[in-house]
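Peer 1: how would this look folded up:
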Amino acid sequence: MRAANASAGAGESMNSNLRDRILRKLDTLSDERGYQILDYADFLESKYAEKAPTPVSLLQRFTDGVEDRLRTGGVAASTVVETMGLLNRAAGVLGGVAAAGMSVASDVANVGIAVASEVGSTAQRIVTPPTPGAAGGVPGTATPPAPDRPAEGAA
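Peer 2: From the prediction side, this is the model:
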């Protein structure tokens, strides 16, 4: 049965029951053991991954890099956990600031588009002369008469 499940799951995500069971086991371990499991999971991924890892944000890659550098520098697991907690809170604040900035930028862009459209339509009305006899012509103005031309063939 395990072989059937393994072959059926090839190329697919881990099933939710297995993921939940692993998470329950992880909850019972210390941070030091958790980092050992992370190292082993990285090893397994490098050898046997069947699909590309889920892309993460630039900020997440940065925090992961800081965490890895602290760990390889021989910093105690408890210190790494505290540092990462602070860094993750700071990242959350930056994420909120970035979201607010994107909202403001979107609003400014929408206003800019509306203004540009209005300016364009106003400029079009100014540049395009009214057609003679059109209902939209300027009131009180008349189209000047065409200059007299001599008839062709007249000498």
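Peer 1: now the longest helix seen in the chain: average pLDDT?
Peer 2: Ordering each helix of the chain by length in residues (DSSP state H) puts helix 77-127 first. For helix 77-127, mean pLDDT rounds to 82.
Peer 1: tell me how far that helix lies from the chain's centre.
Peer 2: Helix 77-127 sits 11 Å away from the centroid of its parent chain (CA atoms, centre = their mean, to the nearest Å).
Peer 1: and for stretch 16-28?
Peer 2: 31 Å.
Peer 1: how about the helix or strand harbouring residue 43: buried residues?
Peer 2: Element membership of residue 43, judged by DSSP states H and E, is helix 31-48. For helix 31-48, the neighbour count (16 or more other CB atoms under 10 Å) marks residue 35 as buried. All C-beta spots, glycine's among them, are computed from the backbone N, C-alpha and C.
Peer 1: now the angle from it to helix 77-127?
Peer 2: Here helix 31-48 points in a direction 60 degrees away from that of helix 77-127 (axes from the mean of the first three to the mean of the last three CA atoms, to 10 degrees).
Peer 1: quick one: work out the angle between the helix or strand just after helix 31-48 and helix 77-127.
Peer 2: Tracing the chain past helix 31-48, the next element assigned as helix or strand by DSSP H and E is helix 58-72. Relative orientation of helix 58-72 versus helix 77-127 (the same axes, to 10 degrees): 160 degrees.
Peer 1: how is this structure divided into domains?
Peer 2: If you go by automatic domain parsing, the domain ranges for the chain are 1-54, 56-127.
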